[in-house]
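Novice: Fold the following.
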Amino acid sequence: MRVVDLNRDGARTLLATVGTGYELKPRGLYCFDYETGTLLWRHDTGPYLTEVMPVDFEHDGILKVIAGSHAVNNGNHADDGTDDSHSYVYALSSEGRALWTRQFEGPFSLTHPLVAHIGCGSQDALLVWVTGSHLYRQDQAKPEVGNILRIDAQGATFATYDAGARLINCVAVDLDERPLATTAGFERSWVLTPY
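Specialist: Numbers count the residues shown, from 1 in each chain. As a prediction, this is how the structure comes out:
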């Protein structure tokens, strides 16, 4: 959950992820008026959501909402066309309107938005960590997934790093004012070069 002023107008909202296991529904992101508890909007999803990150890509004071997800593979489908057999990153407007949705991996994978506002020339970018390793992924083409992607404000990928193995943990740090992501694998560790 996060309390945030999405429109920078002084009105606080509560962003809450809602998730169920084998009951399948409801799953998604709900936005409430913080003062009254009134539901302002909701966006239902197939998978359950991981991190939720408010982002101001346009530097106009209006925040977009970015959310990652976990493909638990329980058979849930949402009206937005997503299912819980895939992991996605969602971008929503401050009013809850879907701006874009990106599908990444299959069953038992997770997507985690890490950090936004990494300067990439004239535009900001979002780092997304995609991971997955599970007994049930052994029949997948890639049983272990370990990717970090740079995604622009429209959801397009313009850089990818594939570790070739599961990334157990991933954090973004700023060394000498040059953002970079560090990762750790099972018996391997990597450092990505600065952007």
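Novice: Isn't residue 24 up against residue 73?
Specialist: No - counting by CB atoms under 8 Å, residue 24 stays clear of residue 73, with 11.4 Å between them. Backbone N, C-alpha and C define where each C-beta goes, glycine included.
Novice: what sits in contact with each of these two?
Specialist: residue 84 (CB atoms under 8 Å, 6 or more residues apart in numbering).
Novice: average pLDDT for stretch 41-58?
Specialist: Stretch 41-58 shows a mean pLDDT of 92.
Novice: Okay, now that stretch: how far is its last residue from its first?
Specialist: 22 Å (CA to CA, to the nearest Å).
Novice: Any buried residues in it, and which?
Specialist: 43-57 (16 or more other CB atoms under 10 Å).
Novice: And for stretch 154-166?
Specialist: 161, 163, 165-166.
Novice: how about the buried residues of stretch 41-58, which pair is most distant?
Specialist: 46 and 56 (27.3 Å; CB to CB).
Novice: which one of the buried residues of stretch 154-166 sits closest to residue 19?
Specialist: residue 166 (22.6 Å).
Novice: need the contact list for the residue lying closest to the closest one once chain neighbours are set aside.
Specialist: Excluding the flanking residues, the one nearest residue 166 by CB to CB, 6 or more residues apart in numbering is residue 133, at 3.8 Å. For residue 133, the contacting residues are 143-145, 166, by CB under 8 Å, 6+ apart.
Novice: Could you do residue 146 as well?
Specialist: Going by CB under 8 Å, 6+ apart, residue 146 touches 130-131, 162-167, 183, 185.
Novice: That one looks like it's in a helix, true?
Specialist: No - membership of residue 146 in a helix is not supported by DSSP: H, G, I helix; E, B strand; the rest coil, which gives strand.
Novice: residue ranges with poor pLDDT in this structure?
Specialist: Along the chain, segments meeting pLDDT under 70 span 116-124, 173-195.
Novice: So which residue is dead centre in the protein?
Specialist: residue 68 (2.4 Å; CA atoms, centre = their mean).
Novice: Secondary structure added to the contacts of residue 146, as JSON lines?
Specialist: Converted to JSON lines, the contacts of residue 146 look like this (three-state DSSP):
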{"residue": "130", "secondary structure": "strand"}
{"residue": "131", "secondary structure": "strand"}
{"residue": "162", "secondary structure": "strand"}
{"residue": "163", "secondary structure": "coil"}
{"residue": "164", "secondary structure": "coil"}
{"residue": "165", "secondary structure": "coil"}
{"residue": "166", "secondary structure": "coil"}
{"residue": "167", "secondary structure": "coil"}
{"residue": "183", "secondary structure": "strand"}
{"residue": "185", "secondary structure": "coil"}
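Novice: between the residues you listed, which is closest to residue 153?
Specialist: Nearest member of the contacts of residue 146 to residue 153, counting by CB to CB, is residue 130, at 18.9 Å.
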